[in-house]
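show me how the following folds:
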Amino acid sequence: MYRNISDYGLIGDMRTAALVCSDGSIDYCSLPHFDSPTVFAALLDERNGGFFSLKPAGAFASKREYLPDTCTLCTSFTTENGKAVLYDFMPVEDSPLRQRPQGIHRCISVERGRMEFTLTLAPRPGYGLDECVIAEKDGGFTITPADPPLTLRHTLRDFSAEGVGADTLTLSFSLQSGQSAHFDLVCGQFDPETTLACPFTSTRSCWKEWVRACIGEHCFWLGRFTPLVHRSLLTLKLLTFQPTGAIVAAATTSLPESIGGERNRDYRFTWLRDASFTLKAFFALGHTSEAERFIGWLHDTYRNNGSRDLKIMYSIHGERALREKYLDHLDGYRHSRPVRVGNAAGSQQQWDIYGEIMDAALRLSGYAGKIDATLWPFFRDICEMAVENWKRPDDGIWEVRNGPYHFV
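Presented below is the predicted three-dimensional model:
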C-alpha cells in the first residue's frame, strides 16, 4: 500500500538520503550518491522497488520526531506489551575526508515491557533491475552482487533468519526493557575484523554544531520559531553534496506533480535557480560557507567544460549530459507513470539564471567583504552572456517543453 508523502521523514549524510516511513520502513534510497541507482524504491513500486523495514511483529501505533537540531529520526512504537524507540540516521563527520564507511544506521531500544520485532531487508539494486542474493558472512549478511557492495551488520545474539540465499532477508528477534539492538547497512568495502563504534553521538554533535555555528544578527532573534527554522535549515543542508558543494533540488526522482499524472521528473540534480534560493536561506540565517563552496564548484564546472556556455543545471559531479530515460518496469508512486531518470531540461535555456548567480555573488561579497580574484573572469562572462541573450526567447522558469517563447 502506498503511503502519503507526509508519512515519510528524511535522513541523510550530504552524499545521499533515505525516506523513512512512520511504520519503520525505508522505502527510498539511492547509494552511494543522490543520483545513483536506487537500492530501495518501494515508494515508486511497492512490489518491485525494494525496502528495509524494522518494526514490531504485531499490531502497533507509532509516532515520531527528530532529535532537536539534528537529522536523527526517532520513531516510537507502542504495543500492548511495551514501548520501543527506533533511531534512524546516516553518519556524518566534520571533515569531508570520511573516516568510516557510508551507510544507514538503525538502533531499536525497548523502554518498557518485552517486544517481538521483525526486520525485513529487501534490496533491489539498479532501480530494481539487478538481481541479488543475501548470504551470511562474518557475523553479518552480504548482498551480492551489488555495486557498491552492501553488508548488513548487527548486534543480535538470539534471532532467527529466513531468506538466506534469496533476495529478501527476514530476521525475527525479541528485546525486553533496557535492551537494544543496532543494525548497520554498510555501503562500500570495509574490513570485517574492524569494530564499527556506533556514530550516534558524533553524528548528533555534528548537526548541532553546524546549526548553531552561524554569524549575524538573525542567529539570535528567532524566538519561538527557532525549532521550525532550524528544521528547515537542516533539511536544506541535507540536500548539499559535501564532496563538491553542489546542491540538489530534491533527494528523489519521479514523485508526480499530481497523482496519475505524467509530470514525474528526476530532481536529483543541481538547478542554478533552486540552488541560489537555497543560498539565500543560508545567508539570511548566518551560514555562508555553503555559498563559497557552491560558487567555487560552479566556477570549476564552468571552466572544466571549456566553453562560454552556462547551463541551467548540472549533475552533482558537474556533468552536463543528463539524458532522460524511462524505467518502464516500475509502476510509479500510486501508479503515476512514467518513472524517469535523467532530465531533458538540462538542454534548455533560461536567462534568469545569470541574475540569480550574480545575486548570490553579491550577497557573498557583502559577507566576505571581497570576491576572490580568480572568480572575476567567471562573473564577467556571466554578465556578457546576459547582454548577448536577454532579448532571445527561452524556455522560462516553468521549463516548458514546447518552447522557446518570450515569457517576459
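
the stretch 101-250 of the chain: strands as residue ranges?
Using DSSP state E, counting those that start in this stretch, the strands found in the stretch 101-250 of the chain span residues 102-122, 133-137, 140-144, 150-154, 160-162, 169-176, 180-187, 240-241, 246-247.

just say which of those is most tucked in.
Of the strands of the stretch 101-250 of the chain, the one with the most neighbours on average (mean count of other C-beta atoms under 10 Å) is strand 246-247, at a mean of 24. No exception for glycine: its C-beta is placed from N, CA and C like everyone else's.

tell me the helix or strand right after that one.
strand 270-271 (DSSP states H and E).

now the strands of the stretch 101-250 of the chain in CSV, with mean pLDDT and distance to Ala360?
Formatted as CSV, the entries for the strands of the stretch 101-250 of the chain read as follows, by pLDDT from 0 to 100; distance: least, C-beta to C-beta, whole Å:
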stretch, mean pLDDT, distance to Ala360
strand 102-122, 97, 29
strand 133-137, 95, 46
strand 140-144, 94, 41
strand 150-154, 95, 38
strand 160-162, 97, 52
strand 169-176, 98, 46
strand 180-187, 95, 32
strand 240-241, 97, 14
strand 246-247, 98, 11
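
could you list the low-confidence segments of the stretch 201-350 of the chain?
Residues of the stretch 201-350 of the chain meeting the criterion pLDDT under 70: 216-221.

that older thread, to Tyr8, which of the strands of the stretch 101-250 of the chain lies closest?
With respect to Tyr8, and counting by C-beta to C-beta, the nearest of the strands of the stretch 101-250 of the chain is strand 102-122 at 14.4 Å.

which strands or helices does that closest one pack on?
Other elements packing on strand 102-122 under the criterion 3 or more C-beta pairs under 8 Å, 6 or more residues apart in numbering; DSSP states H and E are strand 51-56, strand 82-89, strand 169-176, strand 180-187.

now that strand and strand 140-144, what's the angle there?
Relative orientation of strand 102-122 and strand 140-144, computed by axes from the mean of the first three to the mean of the last three C-alpha atoms, to 10 degrees: 90 degrees.

sheet-wise, list the partners of strand 102-122 with their directions.
For strand 102-122, sheet partners with direction are given as strand 51-56 (antiparallel), strand 82-89 (antiparallel), strand 169-176 (antiparallel), strand 180-187 (antiparallel), following DSSP bridges.

determine which of those approaches Leu10 most closely.
If you check each of the strands paired with strand 102-122 against Leu10 by C-beta to C-beta, strand 82-89 wins as the nearest, at 10.1 Å.

and the contacts of the closest one?
9, 11, 18, 20, 24, 26, 54-56, 67, 70-77, 104-115, 117, 175-177, 200, 203 (C-beta atoms under 8 Å, 6 or more residues apart in numbering).

same check, this time on stretch 232-243
Here stretch 232-243 has contacts from 10-15, 17, 33-34, 66, 69-71, 96, 207, 210-211, 246-251, 270, 278, 281-282, 285, 287, 290, 294, 316, using C-beta under 8 Å, 6+ apart.

can you list the buried residues in it?
For stretch 232-243, burial by neighbour count (16 or more other C-beta atoms under 10 Å) applies to Leu233, Leu234, Leu236, Lys237, Leu238, Leu239, Thr240, Phe241, Gln242.

quick one, which of the helices and strands packed on strand 102-122 is nearest to Arg392?
Between Arg392 and the helices and strands packed on strand 102-122, the tightest spacing by C-beta to C-beta is seen for strand 180-187, at 44.8 Å.

what sits up against that closest one?
Residues outside strand 180-187 that contact it (C-beta under 8 Å, 6+ apart) are 31-32, 52, 54, 101-110, 117, 119, 121, 148-156, 173, 175, 196, 198.

same thing but 6 Å
The set of residues that contact strand 180-187 without belonging to it, under C-beta atoms under 6 Å, 6 or more residues apart in numbering, is 31-32, 101-109, 148, 151-156, 198.

could you do stretch 150-159 as well?
Residues contacting stretch 150-159 (C-beta under 6 Å, 6+ apart): 121, 140-143, 171, 173, 181-186.

swap in stretch 258-272?
34-35, 246-250, 253-254, 256-257, 313-315, 334, 336, 340-343, 353.

buried subset of the contacts of stretch 232-243 as a ChimeraX selection?
The following ChimeraX command selects only the buried members of the contacts of stretch 232-243, with burial defined by 16+ other C-beta under 10 Å:
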select :10,11,12,13,14,15,17,33,34,66,69,70,71,207,210,211,246,247,248,249,250,251,270,278,282,285,287,290,294,316
